[in-house]
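Undergrad: Dropping the sequence and predicted coords here.
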Amino acid sequence: MRVGIYYGMDLGTGSSGNDMYQEIAEQVRIADERGVDSAWIGESHSMDGGCPSPQIMVPALGGVTEAIRLGPIKILPLDSQPMRISEDFAQIDIQLNGRLNFGSWEGGRPDDFRAYNQDFEQRQERFEEVLDFILLSWTNDAFAYVGDHVKFPGNAQAPANGKKWERAPFTAPFVPQWDVGEYVPPHLAVTPKPVQTPRPPAYVYGWNEDSIDFAARAGHSFIFSPLESGTRLRKKVGRYVRGLGSAGRSVGEVDVAIIRDVWVNEDSGVARSQAASVLEQAFRQAAADGSLAAAEGRSFSDGDLNFDALAQDRFMIGTPAEVVDSIKTLQADTGLNHIICRMPFPGVSHNQAMDFINAFERYVHPMLLA
Amino acid sequence: MSRVDFYQGSVKIRKDRFPPILSPVLTFKNSTRGSGQVDAMGIPFLAGTAEQHGNYDGWTPFSLGALAGLAFSTKNLRFQSTALPLPAHDPLRVAADIATLDAISGGRAEGGFGYGYCPRHFIVTGTERKGRTGRLMEGMEVIRQALSQDEFSFHGKHYNYENVRLRPRPIQKPYPPIWLLGGTSPLGAKRAGAAGFPFLSYGMTYDEIKNAKQIYYEAAEEAGVDKSQLGLGAELGVWVGRTKEEARGYLDAFINSHEWETFVSYGWLLDDRAGGTGPSFSDGNYVPGQPLPGPAQQWVDDQLFLTPGEAVEYMQSLVDLGITRMFSPAGNRGLIMRDVLPHFVPELKTA
């Protein structure tokens, strides 16, 4: 069982914007020292305290950590130049010396797509094609890709093989770049390449059944959203596992990663009081922007959004023993092998967040490995 | 004694082809370690990194991301892309990178943008080299508005955005500095002045800088731009040694180990004005004194080989001209840190 922490970057600002980012860096540094396996950064636009560029935040965290794996949890396919995403994260994997986890999703907020002049209605097919391109660019030398949403390089022609992409045909003699002058061939390589071979692991995030089916077919790991109830989550994981089987794949090839709102304190009442208000606020926010309804497939009344109602089938909050029990039950039901704790930060104080990381690594993580 | 901002740090990622051969991981680690040492001096030196796209050696394609690796581990360095070929990028995406870097570093990010020169940079990103000047200036304006306005709309010839709210807001007000870098002609100075952006010249002699200054401020005056953002910087082309011969030796070593590859492989100073013709790696390594095609040879001829005292005198003449930002002289680093920079960075005397 791997353990991660996740900063959604969508819960507003702390007392001071810059201090908040510094505190996240300090928390991830401590998590690295204590033995947390992964840390994840959300992508959020138009939001105070947010992070529109995990491409900046992730390498910055790499500069203060040694072993923890780092990654964006949900890169959006917004960039009009998808090869920029390939380049950015290949370089970041070098900066992290091979510690990158690459998470992406189709997107959920129309405003994000409007700002970058992308069509929200085509987000699913754009996402699948962009991810396909990115992963090919990391594992191939000179190639050309001509799809509905991606054209690489700019002078590429549609491949003659009927597919979206092809490797550069070998023609003797080989001419190095420095001898071709201004001529740029129609097959190019994205450089540099990532450190990890064959490439950094790809994770798909979300709740969308199309994405679950896509990830299963392609053999990508899946990160299930914290918004869904436990009951619904179990059904979604079942769909993913069945999809893997239908594609001739084994669940052992992938991470079944689940984000939950996990909070630990030696006193169960303290744990609830620390996390309750910020979690309730986070779910009210998710209800307001439509993501909760999209994830759950139903609307929520005000009464559904109080902490006690939400906690019944969602949160893992309590003493270490209670939390271990909840995680192990979920593991037995789903095959979960990577639990990712969403940090209710900056709603809780920096010191409380540090206490949580210390307590989790001291009391919970060892029991999950036992 | 004058105060000048100097470039001292750098971050680099590439497969280094020259012995000792280093992996990209090691070139990154070595360069960040060096920049960390510069940061420890407690002086707000500038750290920059150049950007390339689609080249065989994997040279840093994401300059702001490379610099971000230092954001949480340093306190003094300022970070600038030197230079980011903006016409090959989506400017809103670049603005988001700068805003994020500024927010997490406590207000130490700057934009540094150039036209881009290598045809490969454009084709690999699906853009065109043609029209790059218009896209550069319009892109810089998009970035200025994105960084300075709570919400902005922009409708230009090349870019269109509607009601965009960029978050987080940068810490620096009214917005992080945005420099037009690498201008080799007075025309660049004129464009920067007319648009109200600070301008850093590259490869200009003293007389050319003096001329560019006049053009820059006249253009700014004529356009009526906000004068608070105006400023001039210069890449010096100064090599320092105990003797001129020693200083010249540093240039030859630099061309051998670095700039030769930049000429023959990326086309720097060749493709623009020599039609893509010129020497090749296949012909062998650079031989000191070997003639180069026009613009590249002109660049070599314009370099100055100076003793520390002469370097201080020359740099002071630039300060007197109004230059407030310079690339550090190259050459004998010990001499430069001891006998040159303290004349312009008073804190160095006590560091």
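TA: Sure thing, it's come through. Computed from a predicted model, the values in this text were never measured in an experiment.

Undergrad: Where does pLDDT dip in the stretch 151-300 of chain A?
TA: A:181 (pLDDT under 70).

Undergrad: What ranges does it have for its strands?
TA: Shown for the stretch 151-300 of chain A, the strands assigned by DSSP state E, counting those that start in this stretch span residues A:151-152, A:165-167, A:202-206, A:221-224, A:256-260, A:262-264.

Undergrad: could you check whether stretch B:174-185 is close to chain A?
TA: No - Stretch B:174-185 stays clear of chain A (Cβ under 8 Å from any Cβ of the partner chain), getting no nearer than 13.0 Å. Bear in mind the C-beta positions are built from the backbone N, C-alpha and C, glycine included.

Undergrad: Check what contacts that stretch and list those residues.
TA: B:80, B:82-83, B:98, B:102, B:107, B:109-115, B:136, B:140, B:143-144, B:147-148, B:170, B:188-189, B:191-192, B:197-204, B:212, B:229, B:231, B:233, B:235 (Cβ atoms under 8 Å, 6 or more residues apart in numbering or on different chains).

Undergrad: got the CA coordinates for that stretch in CSV?
TA: Taking C-alpha atoms only, stretch B:174-185 is exported to CSV below (Å, rounded to 0.1, in the frame of the first residue of the first chain):
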residue,chain,number,x,y,z
PRO,B,174,2.1,46.5,-10.5
TYR,B,175,3.4,43.3,-12.1
PRO,B,176,6.7,41.4,-12.3
PRO,B,177,9.3,43.1,-14.6
ILE,B,178,8.9,42.0,-18.2
TRP,B,179,12.1,42.5,-20.3
LEU,B,180,12.6,42.3,-24.0
LEU,B,181,16.0,40.5,-24.2
GLY,B,182,18.7,40.0,-26.7
GLY,B,183,18.0,42.9,-29.0
THR,B,184,20.9,43.1,-31.4
SER,B,185,19.5,46.1,-33.4
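
Undergrad: Go through it and flag the buried ones.
TA: Neighbour counts over stretch B:174-185 (16 or more other Cβ atoms under 10 Å in any protein chain shown) mark B:175-184 as buried.

Undergrad: what does stretch A:95-109 give?
TA: So stretch A:95-109, judged by 16+ other Cβ under 10 Å, has buried residues A:95-97, A:99-109.

Undergrad: Now stretch A:117-129: average pLDDT?
TA: Averaging pLDDT along stretch A:117-129 gives 96.

Undergrad: where does chain B have low pLDDT?
TA: Checking chain B against pLDDT under 70 turns up B:1-2, B:17-20, B:269-278, B:350-351.

Undergrad: so which residue of it comes closest to chain A?
TA: Minimum separation of chain B from chain A (Cβ to the nearest Cβ) falls at B:G58, amounting to 2.8 Å.

Undergrad: ranges for the strands of the stretch 101-250 of chain B?
TA: Going by DSSP E, counting those that start in this stretch, the stretch 101-250 of chain B shows strands at B:109-114, B:152-155, B:160-164, B:178-183, B:199-201, B:232-234, B:238-240.

Undergrad: Dump those into JSON lines; add distance to A:G63 as well.
TA: Formatted as JSON lines, the strands of the stretch 101-250 of chain B follow (distance: least, Cβ to Cβ, whole Å):
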{"stretch": "strand B:109-114", "distance to A:G63": "15"}
{"stretch": "strand B:152-155", "distance to A:G63": "31"}
{"stretch": "strand B:160-164", "distance to A:G63": "29"}
{"stretch": "strand B:178-183", "distance to A:G63": "24"}
{"stretch": "strand B:199-201", "distance to A:G63": "27"}
{"stretch": "strand B:232-234", "distance to A:G63": "27"}
{"stretch": "strand B:238-240", "distance to A:G63": "31"}
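
Undergrad: all helices for the stretch 201-350 of chain A, in order.
TA: A:209-218, A:230-246, A:268-288, A:291-296, A:307-311, A:320-334, A:350-359 (DSSP state H, counting those that start in this stretch).

Undergrad: Now render these as a markdown table, adding distance to chain B.
TA: Formatted as a markdown table, the helices of the stretch 201-350 of chain A follow (distance: least, Cβ to the nearest Cβ, whole Å):
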| stretch | distance to chain B |
| --- | --- |
| helix A:209-218 | 23 |
| helix A:230-246 | 30 |
| helix A:268-288 | 15 |
| helix A:291-296 | 17 |
| helix A:307-311 | 27 |
| helix A:320-334 | 29 |
| helix A:350-359 | 15 |
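
Undergrad: Including mean neighbour count, could those helices go into TSV?
TA: Formatted as TSV, those follow (neighbours: other Cβ atoms under 10 Å in any protein chain shown):
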stretch	mean neighbour count
helix A:209-218	19
helix A:230-246	17
helix A:268-288	18
helix A:291-296	19
helix A:307-311	16
helix A:320-334	17
helix A:350-359	18
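
Undergrad: between those, which one is nearest to A:D179?
TA: helix A:209-218 (38.3 Å; Cβ to Cβ).

Undergrad: Could you tell me which residues make contact with A:I41?
TA: A:6-7, A:9, A:51, A:54, A:57-58, A:61, A:70-73.

Undergrad: Could you find the closest non-adjacent residue to the residue of the stretch 151-300 of chain A at minimum distance from chain B?
TA: For the stretch 151-300 of chain A and chain B, the shortest gap (Cβ to the nearest Cβ) falls at A:P192, measuring 2.8 Å. Leaving aside its sequence neighbours, A:P192 sits nearest to B:G58 (Cβ to Cβ, 6 or more residues apart in numbering or on different chains; 2.8 Å).

Undergrad: Would you check that that neighbour makes contact with A:V195?
TA: No - the criterion here is Cβ atoms under 8 Å, and B:G58 misses it with A:V195 at 11.3 Å.

Undergrad: So for the two, which sits in the more crowded spot?
TA: B:G58 (23 against 20; other Cβ atoms under 10 Å in any protein chain shown).

Undergrad: pLDDT on stretch A:319-328, on average?
TA: On average, stretch A:319-328 scores 96.

Undergrad: meant to ask about stretch A:39-58, not that
TA: On average, stretch A:39-58 scores 93.

Undergrad: For it, which residues meet the burial criterion?
TA: In stretch A:39-58, counting by 16+ other Cβ under 10 Å, buried: A:39-47, A:49-58.

Undergrad: which ones are touching A:L135?
TA: A:199, A:202 are the contacts of A:L135 under Cβ under 8 Å, 6+ apart.

Undergrad: can you do 6 Å?
TA: A:L135 makes no contacts at all, as judged by Cβ atoms under 6 Å, 6 or more residues apart in numbering or on different chains.

Undergrad: where's it, which helix or strand?
TA: If you go by DSSP states H and E, A:L135 is part of helix A:123-139.

Undergrad: so how far is that helix from its chain's centroid?
TA: 15 Å (Cα atoms, centre = their mean, to the nearest Å).

Undergrad: Run through who's touching the next helix-or-strand element following that helix.
TA: Later in the chain than helix A:123-139, the nearest helix or strand by DSSP H and E is strand A:143-146. Residues from elsewhere that reach strand A:143-146 (Cβ under 6 Å, 6+ apart): A:133, A:152, A:156, A:158, A:164-167, A:186-187.

Undergrad: Narrow the residues you listed to those that are buried.
TA: In the contacts of strand A:143-146, the ones that pass as buried (16+ other Cβ under 10 Å) are A:133, A:152, A:156, A:164-166, A:187.

Undergrad: which among the residues you listed gets closest to A:A271?
TA: Taking those together and measuring to A:A271 by Cβ to Cβ, the closest member is A:F133, at 43.8 Å.

Undergrad: How about the contacts made by the closest residue to that closest one other than its chain neighbours?
TA: Sequence neighbours aside, A:V150 is the residue nearest to A:F133 in space, at 4.6 Å (criterion: Cβ to Cβ, 6+ apart). Counting by Cβ under 6 Å, 6+ apart, A:V150 touches A:82, A:129, A:133.
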